[in-house]
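Chemist: Whatever this is, show me its structure:
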Amino acid sequence: MSDYMFMLESHLTADEARVLSTVQAVASEANTPLFLTGGAMRDMLGGFAIRDLDFTVEGNAAKLAKEVARRAGGEILSVDELRNSVELLFPGGVTCEIAMARKEKYSAPGAKPQIAPATIHEDLQGRDFTINAIALSLNRGSRGLLIDPTNGLADLGRREMRAVGNYTLYDDPSRLLRLIRFKTRLGFTVEERTQSQYRNAREAGVESRIPARALWRELRQIADEPNPAEVVRALADEGLLALYSPGLTGPKLNIAGLTRLVKAKQAIPFGVNIHAKNLGLFLYFLTEKLSPKEKAALIKSTGMKRAEVEEWQKIEAQAKKLETALKSAKLHKPSQVYAVASRAPGELLLFLLARSDQRVVQDRIKNYLQKYLPAALEITDQAVADATGLRPGTPKFAKAREEMIATRLDARPKKVVESPAVEAGPPAAQGPRR
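Modeler: I've put the predicted structure just below:
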């Protein structure tokens with residue numbers, strides 16, 4: 001095993017490792033060259049947590065993605081037919097993209113590119129920044145081989161953002177937003193020539209040519225950032241938030257609300273995943289102070305679809321129903337609180353944690369996240385099977401697991417019985433020192 005494969009496997013969760021294994025198996029059977037690329041490589045090599053898996057294939061990505069989704073129980077989130085790229089969601093909250101290695105040619109800034117299949121080297125040389133232009137071969141004959149034609153590994157070591165080409169920010173102006181987002185999250189500096197290219201692109205006003213759905217894709221990425229408040233602040237400082245809505249400025253820019261959301265997420269213990277959908281949450285707090293007209297401008301500027309609007313605009317009403325259930329006086333036991341909270345979507349729990357003014361609701365959600373859920377996760381399927389003899393995946397097994405969790409949560413801590421104090425007697429006589 002190469003050092004890079006060892007590094008990769010040590011960075012992956014069990015759910016991510018299962019997805020990786022399935023993608024490799026399907027690509028091998030189809031005799032399709034497969035590479036791990038993009039953000040997954042940047043995060044692994046940079047020492048960051050891997051946020052999602054990015055795969056590039058020299059072949060038909062859409063066909064491969066459908067078979068991977070079928071085998072691993074994945075859901076296809078979106079398909080980019082132009083670029084032959086598919087986004088997927090798998091059990092455990094693992095997200096990944098499978099895309100065709102391609103060359104993109106732009107006739108004008110922000111124009112629809114001409115796409116052609118390419119080799120992995122050509123694909124990497126056409127990417128945005130060098131730190132995102134690194135690949136790892138997952139193929140039998142070259143497994144673990146690092147491919148780095150733009151020397152992105154050195155830039156990662158220098159903690160520096162460098163554009164791959166002289167027209168990187170002109171060809172696809174949405175990369176202007178991406179530059180600010182990565183710079184903010186990673187804390188990297190921007191290389192001098194890239195900074196000059198950024199200034200020239202802004203002076204030319206190429207940001208006005210960002211297509212609506214490109215603005216939307218970047219907004220989705222911001223929603224998934226560990227600290228979206230800081231990214232939004234940085235974009236506001238650069239005068240780029242007005243691309244979304246003219247109201248996103250001054251006192252209507254809800255940095256305080258976004259900061260509360262960040263603090264709510266920080267209440268989740270390390271290693272606990274509540275599978276929250278970030279987008280609706282983020283959009284609610286981002287637009288909380290906007291007028292209906294200003295919100296409509298955001299919907300128009302991003303070409304937002306009905307389902308995307310509903311995910312954002314229905315979250316408050318859904319959270320109110322959960323709030324009513326969680327403040328009920330009928331919840332006397334930890335297991336009862338757990339039963340209500342564990343059935344709720346993660347984003348609603350975070351919404352209430354950031355927004356509810358009910359102290360009992362706040363306390364119950366914190367107890368669920370920090371006490372009840374970690375305790376429940378300690379009861380594994382194997383432990384239930386050993387105790388009951390039942391087979392995982394059956395209704396009886398699920399019921400038995402719920403009962404074991406309830407018993408553990410409601411058990412009173414054992415009292416420590418102290419031994420009675422022994423009355424001290426007179427000091428023992430000491431013999432002569434020898």
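Chemist: Name the helix or strand for residue 5, please.
Modeler: Here residue 5 sits within helix 3-11, counting by DSSP states H and E.
Chemist: which residues touch that helix?
Modeler: The contact list for helix 3-11, computed with Cβ atoms under 8 Å, 6 or more residues apart in numbering, reads 17, 36, 43-45, 49-50, 136, 143-144, 146. No exception for glycine: its C-beta is placed from N, CA and C like everyone else's.
Chemist: Same check on stretch 383-402?
Modeler: By Cβ under 8 Å, 6+ apart, stretch 383-402 touches 339, 379, 381, 404.
Chemist: mind redoing it with 10 Å?
Modeler: The contact list for stretch 383-402, computed with Cβ atoms under 10 Å, 6 or more residues apart in numbering, reads 335, 338-339, 342, 376, 379-382, 403-405.
Chemist: repeat for stretch 404-415
Modeler: Applying Cβ under 10 Å, 6+ apart, the set of residues contacting stretch 404-415 is 332-339, 342, 367-368, 371-373, 375-379, 383-384, 387-388.
Chemist: Strands along the protein, start to end?
Modeler: Along the chain, the segments classed as strands by DSSP state E run 34-36, 53-57, 75-80, 85-90, 94-100, 102-105, 114-117, 135-137, 146-147, 160-161, 189-190.
Chemist: got the angle for the fifth one vs strand 85-90?
Modeler: Meaning strand 94-100. Relative orientation of strand 94-100 versus strand 85-90 (axes from the mean of the first three to the mean of the last three Cα atoms, to 10 degrees): 160 degrees.
Chemist: before we move on, what about the second one?
Modeler: If you take the same axes, to 10 degrees, strand 53-57 sits at 140 degrees to strand 85-90.
Chemist: strands paired with strand 53-57, and their directions?
Modeler: strand 34-36 (antiparallel), strand 94-100 (parallel) (DSSP bridges).
Chemist: quick one: buried residues of the longest one?
Modeler: Right, the one you point to is strand 94-100. For strand 94-100, the buried set under the neighbour-count rule, 16 or more other Cβ atoms under 10 Å, comprises 94-100.
Chemist: Mean confidence (pLDDT) on that strand, please.
Modeler: For strand 94-100, mean pLDDT is 95.
Chemist: CA atoms only for it, dumped as CSV, please.
Modeler: Output of strand 94-100 as CSV, limited to C-alpha atoms (Å, rounded to 0.1, in the frame of the first residue of the first chain):
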residue,chain,number,x,y,z
VAL,A,94,-21.8,10.7,2.7
THR,A,95,-21.9,12.9,-0.4
CYS,A,96,-19.9,12.4,-3.5
GLU,A,97,-19.5,13.6,-7.1
ILE,A,98,-18.6,11.4,-10.0
ALA,A,99,-17.6,13.4,-13.1
MET,A,100,-16.1,12.8,-16.5
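Chemist: Now which of the contacts of stretch 404-415 would you call buried?
Modeler: Members of those classed as buried by 16+ other Cβ under 10 Å are 334-339, 367-368, 372-373, 376, 379, 384.
Chemist: With pLDDT and distance to residue 242 added, can I get the residues you listed in a markdown table?
Modeler: Output for these, formatted as a markdown table (pLDDT from 0 to 100; distance: Cβ to Cβ, whole Å):
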| residue | pLDDT | distance to residue 242 |
| --- | --- | --- |
| 334 | 96 | 48 |
| 335 | 96 | 50 |
| 336 | 96 | 48 |
| 337 | 97 | 44 |
| 338 | 96 | 45 |
| 339 | 96 | 46 |
| 367 | 96 | 42 |
| 368 | 96 | 40 |
| 372 | 95 | 44 |
| 373 | 94 | 41 |
| 376 | 93 | 46 |
| 379 | 92 | 51 |
| 384 | 90 | 54 |
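Chemist: farthest pair in these?
Modeler: Largest separation among these by Cβ to Cβ: 367 and 384, giving 23.3 Å.
Chemist: Please tabulate the strands paired with strand 53-57 in CSV, including the columns distance to residue 302.
Modeler: Below are these laid out as CSV (distance: least, Cβ to Cβ, whole Å):
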stretch, distance to residue 302
strand 34-36, 30
strand 94-100, 20
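Chemist: Out of those strands, which is closest to residue 313?
Modeler: strand 94-100 (23.4 Å).
Chemist: So what angle separates the directions of that closest one and strand 75-80?
Modeler: Using the same axes, to 10 degrees: strand 94-100 against strand 75-80 is 30 degrees.
Chemist: neighbours around residue 139, how many?
Modeler: Here the count is done by other Cβ atoms under 10 Å, and residue 139 has 17 residues near it.
Chemist: My guess is it contacts residue 34. True?
Modeler: Yes: applying Cβ atoms under 10 Å, one finds residue 139 in contact with residue 34, separated by 6.2 Å.
Chemist: show me where pLDDT drops low in the chain?
Modeler: Along the chain, the parts satisfying pLDDT under 70 run over 1, 413-434.
Chemist: Now do the domain split for it, please.
Modeler: 1-157, 317-410 (automatic domain parsing).
Chemist: What's the local residue count around residue 210?
Modeler: For residue 210, using other Cβ under 10 Å, the count is 21.
Chemist: got the contact list for it?
Modeler: Residues near residue 210 by Cβ under 10 Å, 6+ apart: 109-110, 172-177, 218, 240, 243, 301.
Chemist: now the helices for the stretch 251-400 of the chain?
Modeler: Along the stretch 251-400 of the chain, the segments classed as helices by DSSP state H, counting those that start in this stretch run 255-265, 278-286, 292-302, 306-313, 315-326, 334-342, 346-355, 359-367, 373-377, 381-388, 395-410.
Chemist: Endpoints of stretch 138-145, how far apart?
Modeler: 8 Å (Cα to Cα, to the nearest Å).
Chemist: for stretch 185-199, that is, sorry about that
Modeler: Stretch 185-199 has an end-to-end distance of 20 Å (Cα to Cα).
Chemist: Run through who's touching that stretch.
Modeler: Residues contacting stretch 185-199 (Cβ under 10 Å, 6+ apart): 42-43, 46, 48, 51, 129-131, 155-156, 158-170, 175-176, 179-180, 182-183, 222, 225-228, 230-231, 234, 238.
Chemist: where's it relative to the chain centroid, distance-wise?
Modeler: Counting by Cα atoms, centre = their mean, to the nearest Å, stretch 185-199 is centred 24 Å from the centre of its parent chain.
Chemist: just stretch 23-43 next, same as before
Modeler: Centre to centre, stretch against its chain (Cα atoms, centre = their mean), the figure for stretch 23-43 is 20 Å.
Chemist: and if you look at stretch 173-183?
Modeler: With Cα atoms, centre = their mean as the basis, stretch 173-183 stands 18 Å off its chain's centre.
Chemist: Relative to residue 174, how far out is the closest residue to residue 159 other than its chain neighbours?
Modeler: Excluding its sequence neighbours, the residue lying closest to residue 159 (Cβ to Cβ, 6 or more residues apart in numbering) is residue 188, at 4.8 Å. Plainly put, residue 188 is 19 Å away from residue 174 if you go by Cβ to Cβ, to the nearest Å.
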